[in-house]
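Visitor: The following block contains a protein sequence and its predicted model.
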Amino acid sequence: MTKTIDFKDKTVVITGAGGVLCGFLAKEFAKAGARVALLDLNEEAAQKFVDEIVAEGGVAKAYKTNVLDQANLEEVREAVLNDLGPTDILINGAGGNNPKATTDNEFHETDLPEGTKSFFELDKAGIEFVFNLNYLGTLLPTQVFAKDMVGRKGANIINISSMNAFTPLTKIPAYSGAKAAISNFTQWLAVHFSHVGIRCNAIAPGFLVTNQNRGLLFNEDGTPTARANKILTNTPMGRFGEAEELVGGTFFLADENLASFVNGVVLPIDGGFAAYSGV
Ligand code: NAD
């Protein structure tokens, strides 16, 4: 209980760090003393977070990275090694869904109107895109960055799973399946690396309000939309989470003292959503 969280002298590599959640986590790791490498396909977005970190006196650098391109990942690993030192903590945050892998309706019906995108019309390329981005986009950076983490004191990996890994959400079979695969891979890695000192865990965020989904969740007058109401009804705590509420769980898993014997868990941060049957 006397242990305090401090990532001083740690190099933290975060993929998808130009995004809402991982950009936020990057800033928090920098505030806690870490040297942070922000990897994203969208270099400009990652650079914006870097500028904010540096303005506050932190140490961070942006790297244009495609998590699906092994050669590019190797180049980035080399650059991070030169700039910030070997990786201590890897956060695999790049991920997302695609409309081509999303059905229009929650339930299939015999009389769907012409032009409805049902399960039967889902696009193979869209499904591949989602599986590759989430699953391979977690596996490939791990192959590249974990090489430097073998035998390194306190080294650990945090993947980003989701609520839909426990029970699939309607409309998004590919994203749900890919996140379930990430939870499974988290356990696999935890076992595989257990003899060389790399712990591996995941967080499973519930429904968070970010700038990207605020418009989908709230009407202009601030009241929740129909889908938002459904989410809130199924969240026992009766509210959405905020990005900052991911920080405590992530820091706990990443901390070599607090979580030294925590390995292979998928931690829901969801206001009780995953625990609730709805009845
Ligand atoms: P976001 O879209 O804001 O960020 C994702 C980032 O990944 C973007 O900056 C994007 O440029 C980057 N990216 C996409 N393809 C890439 C590639 N090939 N290589 C490198 N970078 C790439 O998403 P977010 O809401 O911040 O989500 C972050 C993670 O959390 C994702 O894995 C997402 O699936 C997961 N998640 C989000 C929520 C939520 O409520 N927002 C809930 C559960 C899980």
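Guide: Everything's here; your move.
Visitor: interface residues of the stretch 51-200 of the chain facing the ligand?
Guide: Contacts of the stretch 51-200 of the chain with the ligand, taken as C-beta under 6 Å from any ligand atom, map to 65-68, 93-96, 133, 137, 160, 162. In short, each C-beta sits where N, CA and C put it, glycine included.
Visitor: how close does the closest residue to N97 other than its chain neighbours sit to N92?
Guide: For N97, ignoring the flanking residues on the chain, the nearest one in space by C-beta to C-beta, 6 or more residues apart in numbering is Y175 at 4.1 Å. Separation of Y175 from N92 (C-beta to C-beta, to the nearest Å) stands at 15 Å.
Visitor: thinking again about what came up before, identify those among the residues of the stretch 51-200 of the chain next to the ligand that sit within helices.
Guide: G137 (DSSP state H).
Visitor: Would you mind identifying the helix or strand in this protein with the lowest mean pLDDT?
Guide: Least confident helix or strand, the chain: helix 214-217 with a mean of 79, by mean pLDDT, DSSP states H and E.
Visitor: Could you see whether the ligand lies near it?
Guide: No: figure legend: helix 214-217 not in contact with the ligand (C-beta under 6 Å from any ligand atom); closest approach 9.9 Å.
Visitor: Just the closest of the residues of the stretch 51-200 of the chain next to the ligand to the ligand, please.
Guide: The shortest gap between the ligand and any of these belongs to G95, at 2.5 Å (C-beta to the nearest ligand atom).
Visitor: how about the strands of the chain, start to end?
Guide: Secondary structure of the chain, counting by DSSP state E: strands at 11-15, 35-40, 59-64, 89-92, 156-160, 199-205, 208-209, 241-242, 266-269.
Visitor: Mind putting those strands into CSV with mean neighbour count?
Guide: Below are the strands of the chain laid out as CSV (neighbours: other C-beta atoms under 10 Å):
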stretch, mean neighbour count
strand 11-15, 28
strand 35-40, 29
strand 59-64, 21
strand 89-92, 28
strand 156-160, 25
strand 199-205, 25
strand 208-209, 18
strand 241-242, 16
strand 266-269, 20
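Visitor: Pick out the shakiest of those, pLDDT-wise.
Guide: Across the strands of the chain, strand 208-209 has the smallest mean pLDDT, namely a mean of 90.
Visitor: Tell me where the stretch 1-150 of the chain has helices.
Guide: Remark: helices assigned in the stretch 1-150 of the chain by DSSP state H, counting those that start in this stretch are 20-31, 43-55, 70-84, 124-131, 137-145.
Visitor: ah, wrong one, I meant the stretch 151-279 of the chain
Guide: Going by DSSP H, counting those that start in this stretch, the stretch 151-279 of the chain shows helices at 173-192, 214-217, 226-233, 247-254.
Visitor: Touching, V59 and V36? I think so.
Guide: Yes: with contact defined as C-beta atoms under 8 Å, V59 counts as touching V36 (7.0 Å).
Visitor: Touching both of those two, which residues are there?
Guide: 30, 53, 84 (C-beta atoms under 8 Å, 6 or more residues apart in numbering).
Visitor: So what's the residue count around the last one?
Guide: By other C-beta atoms under 10 Å, the residues close to L84 number 20.
Visitor: cool, and E28?
Guide: Residues near E28, counting by other C-beta under 10 Å: 19.
Visitor: quick one: contacts for it?
Guide: Contacts for E28 were tallied using C-beta under 8 Å, 6+ apart; they are 244, 247, 250-251.
Visitor: follow-up on the earlier one: so the residue nearest to N97 makes contact with S161?
Guide: No: judged on C-beta under 8 Å, Y175 makes no contact with S161 at a distance of 11.1 Å.
Visitor: Need the overlap of contacts for those two.
Guide: With C-beta under 8 Å, 6+ apart, Y175 and S161 have no common neighbours.
Visitor: How much space separates I203 from A243?
Guide: The value you get for I203 to A243, if C-beta to C-beta is used, is 12 Å.
Visitor: Kindly report the same for N92.
Guide: Where A243 is concerned, N92 sits at a distance of 17 Å (C-beta to C-beta).
Visitor: quick one: contacts for whichever residue of the chain sits closest to the ligand?
Guide: The chain approaches the ligand most closely through G19 (1.9 Å), counting by C-beta to the nearest ligand atom. Going by C-beta under 8 Å, 6+ apart, G19 touches 40, 45, 93-94.
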